[in-house]
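Participant: Please work out how this folds:
(4 chains)
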Protein chains: 2
Amino acid sequence: MAVTTMSAETLHEGVLDVLGAEIAGGTPPPGSVLRLEDLAARFDVSRTVAREVVRILESMSMVSSRRRVGVTIRPLAEWNVLDPRVIRWRLAGTGRRAQLTSLTVLRAGVEPVAASEAAHRASADQIDRLLALARDLLETSRLGDLASFLEADIAFHQTVLEASGNELLAALHPAIAEVLVGRTQHQLMPNPPRDVAVDLHRQVAEAIARRDARAAGDAMRSIVSEVGGALTE
Amino acid sequence: MAVTTMSAETLHEGVLDVLGAEIAGGTPPPGSVLRLEDLAARFDVSRTVAREVVRILESMSMVSSRRRVGVTIRPLAEWNVLDPRVIRWRLAGTGRRAQLTSLTVLRAGVEPVAASEAAHRASADQIDRLLALARDLLETSRLGDLASFLEADIAFHQTVLEASGNELLAALHPAIAEVLVGRTQHQLMPNPPRDVAVDLHRQVAEAIARRDARAAGDAMRSIVSEVGGALTE
DNA sequence: TGTGCCCATTGGTGTGACTAATGTCCAGGC
DNA sequence: GCCTGGACATTAGTCACACCAATGGGCACA
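Facilitator: Prediction:
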């Protein structure tokens, strides 16, 4: 009998989500040892499924599995903290605030570079999209439509990351989107959005459109540093 | 009978490494469909092990598994390209050069921020270590000892990332180390190391030591942009 | 030509047995 | 009393087999 309700397409997926979130949340803490048999019993699944779940957690370096010992929770420092799932789990738990802070610092590094690269590599379609999204941001902020603003904001940043032509930068999109969502959910952002932030997005889009890498990077740097300021205020 | 030689602690680990590297290398290409049964036969392992391997690849979004269809290779754009293993596989294969370029761009974004953060948060031990490593770099470059230089270089960058106090930045260390190694292996770096690069490392260490975030970030930015120039020259 | 049902195919899960490491602990010797 | 070496209990690793559950494709029928 499962202790916790799980909804998922496949069994192991549900177990993984629950167990992963628990570990990411700090219970059981690093150093703890679990037994495969116990996991199977607790989630009312076969050892096969329990093993698959453990294997995946092991592949994220969150646990290590050894004969005669069991499944040991590894210290946070060794986890694949860039794995989208790990980020999601940590955002969902008690470490949410800390994770948002870490992500914001990462953004500060990554997004200006992405904007610069995008200025070199963005396709005509991507440029059109960026300009349109910048207009949407202005529109929705004037209307005070926070939900639509967030949506456009996420799409804007995703497009910049994709337009960078760098798959590593693009891979950070889900995490960055989480930051934007989390910031809105936690009232960590001015409402309505500051005009200056909206205008900076326009500047990014226009700089990319005229292939001005430096200006694009600088404008994006202003955006993310403003965000960092808001979060630490 | 296994088609390819594999050396690993556990069975599934060996299979994973071979199959993952193959897929990362582009064969079979995205869209291809594999059958669990075939994989088990090819690697001479049970379906259990084959399934675990597929699950892990699935957890990296490299493949998707569906009933009645099989295991489909997903397009590169959907992979967890930040997973250290994926990076390693791609560096090992034909995409090595492209992966190094992507990583260099990522470095350019991440490392200056890490240096700035480190200026705020580095411990006394970390500062001592950075200063010592900066001296090692000077020493080994004068001696022309490229191997020791590389070692100190890797340690230096790792220490900065760790000193940033940001686990997401620290998690990028393995990838960044690969860039440094790959650059040396491929003669993509001046030999002996340029004095200016060595001196920039000293500047980073000293800026962090005197808690000057801006100077630390600027010096690091010079380092990584010089590297980017060398790679695209 | 279209449309809906059937079923072959393929992954998903469960089970039990056996294998292989490896901490632990105890016996024996110094 | 302390070290050393080996037997043993424990726990993950692997395998084979059986059965369940989707589902894409093709066939029969309208």
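
Participant: My read is that A:Leu11 contacts A:Val49, right?
Facilitator: Yes: between A:Leu11 and A:Val49 a contact is recorded at 5.1 Å, counting by C-beta atoms under 8 Å. C-beta here means a position set from N, CA and C on the backbone, and glycine is covered the same way.

Participant: tell me, how many neighbours does A:Val33 end up with?
Facilitator: A total of 12 residues lie near A:Val33 under the criterion other C-beta atoms under 10 Å in any protein chain shown.

Participant: Could I get the contacting residues of it?
Facilitator: Each residue near A:Val33 by C-beta atoms under 8 Å, 6 or more residues apart in numbering or on different chains is listed here: A:Val69, A:Gly70, A:Val71, A:Thr72, A:Ile73.

Participant: So which of those sit within helices?
Facilitator: Applying DSSP state H to the contacts of A:Val33, no entry is found in helices.

Participant: Got a PyMOL select line for the buried ones in these?
Facilitator: Selecting just the buried residues from those in PyMOL takes one command, with 16 or more other C-beta atoms under 10 Å in any protein chain shown as the test:
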select buried, chain A and resi 70+71+73
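
Participant: so, if you compare the contacts of A:Val33, which one comes nearest to DNA strand D?
Facilitator: Of all these, the one with the least separation from DNA strand D (C-beta to the nearest atom of the strand) is A:Gly70, at 3.6 Å.

Participant: residues contacting that closest one?
Facilitator: With contact set as C-beta under 8 Å, 6+ apart, A:Gly70 has these partners: A:Val33, A:Leu34, A:Arg35, A:Leu36.

Participant: Relative to chain B, which of those is nearest.
Facilitator: Within the contacts of A:Gly70, the smallest distance to chain B is 13.0 Å, found for A:Leu36 (C-beta to the nearest C-beta).

Participant: State the distance from that closest one to B:Ile23.
Facilitator: Between A:Leu36 and B:Ile23 the distance, using C-beta to C-beta, to the nearest Å, works out to 28 Å.

Participant: Please identify which residue in chain A comes closest to DNA strand C.
Facilitator: Residue nearest to DNA strand C within chain A (C-beta to the nearest atom of the strand): A:Leu11, separated by 2.9 Å.

Participant: OK, contacts around that residue?
Facilitator: Going by C-beta under 8 Å, 6+ apart, A:Leu11 touches A:Val45, A:Val49.

Participant: and what of A:Ile176?
Facilitator: Taking C-beta under 8 Å, 6+ apart as the contact definition, A:Ile176 lies against A:Leu103, A:Arg107, A:Val110, A:Glu111, A:His157, A:Gln158, A:Leu161.

Participant: Name the next helix or strand following the host helix or strand of A:Val53 along the chain.
Facilitator: Counting by DSSP states H and E, the secondary-structure element that holds A:Val53 is helix A:47-59. Next along the chain after helix A:47-59, taking DSSP H and E as the criterion, comes strand A:63-66.

Participant: That next one close to chain B?
Facilitator: No: no part of strand A:63-66 sits near chain B under the criterion C-beta under 8 Å from any C-beta of the partner chain; the closest distance found is 9.0 Å.

Participant: Which residue comes closest to the residue most central in space within chain A once chain neighbours are left out?
Facilitator: Most central in chain A under C-alpha atoms, centre = their mean is A:Ala175, positioned 1.3 Å from the mean C-alpha point. In space, not counting the residues next to it along the chain, A:Ala175 is nearest to A:Ile87; the distance is 5.0 Å by C-beta to C-beta, 6 or more residues apart in numbering or on different chains.

Participant: Can you give me the pLDDT of the closest residue in space to A:Asp218 that isn't next to it in sequence?
Facilitator: Across the structure, with C-beta to C-beta, 6+ apart as the measure, the residue nearest A:Asp218 apart from its sequence neighbours is A:Pro112 (7.5 Å). At A:Pro112, the model reports a pLDDT of 96.

Participant: before we move on, back to that, want to throw the contacts of A:Val33 into JSON lines with distance to B:Ser61 and pLDDT?
Facilitator: Converted to JSON lines, those look like this (distance: C-beta to C-beta, whole Å; pLDDT from 0 to 100):
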{"residue": "A:Val69", "distance to B:Ser61": "30", "pLDDT": "94"}
{"residue": "A:Gly70", "distance to B:Ser61": "29", "pLDDT": "95"}
{"residue": "A:Val71", "distance to B:Ser61": "24", "pLDDT": "97"}
{"residue": "A:Thr72", "distance to B:Ser61": "26", "pLDDT": "97"}
{"residue": "A:Ile73", "distance to B:Ser61": "24", "pLDDT": "97"}
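
Participant: Could you list which of the contacts of A:Val33 belong to strands?
Facilitator: Where the contacts of A:Val33 overlap with strands, as defined by DSSP state E, the overlap consists of A:Gly70, A:Val71, A:Thr72, A:Ile73.

Participant: which among the residues you listed gets closest to B:Ser116?
Facilitator: Using C-beta to C-beta, the shortest approach to B:Ser116 within the ones in strands among the contacts of A:Val33 belongs to A:Ile73, at 32.1 Å.

Participant: which one of the ones in strands among the contacts of A:Val33 is nearest chain B?
Facilitator: Top of the list for closeness to chain B, among those and by C-beta to the nearest C-beta, is A:Val71 at 13.9 Å.

Participant: quick one: contacts for the residue lying farthest from the centre of chain A?
Facilitator: Among the residues of chain A, the one whose C-alpha is farthest from the average of all C-alpha positions is A:Arg68, by C-alpha atoms, centre = their mean at 36.7 Å. For A:Arg68, the contact set (C-beta under 8 Å, 6+ apart) is empty.

Participant: ok so, going back, which SS class is the residue nearest to the centre of chain A?
Facilitator: Per DSSP: H, G, I helix; E, B strand; the rest coil, the local secondary structure of A:Ala175 is helix.

Participant: Please export the C-alpha coordinates of stretch A:213-228 as CSV.
Facilitator: These are the backbone C-alpha positions of stretch A:213-228, laid out as CSV (Å, rounded to 0.1, in the frame of the first residue of the first chain):
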residue,chain,number,x,y,z
ALA,A,213,25.9,42.0,-29.6
ARG,A,214,27.3,44.3,-27.1
ALA,A,215,24.1,46.3,-26.6
ALA,A,216,22.0,43.1,-26.4
GLY,A,217,24.3,41.7,-23.7
ASP,A,218,24.3,45.0,-21.8
ALA,A,219,20.5,45.3,-21.9
MET,A,220,20.1,41.8,-20.8
ARG,A,221,22.6,42.3,-18.0
SER,A,222,20.6,45.1,-16.8
ILE,A,223,17.5,43.0,-16.7
VAL,A,224,19.0,40.1,-14.7
SER,A,225,20.9,42.4,-12.3
GLU,A,226,17.7,44.3,-11.6
VAL,A,227,16.0,41.0,-10.9
GLY,A,228,18.9,40.0,-8.6
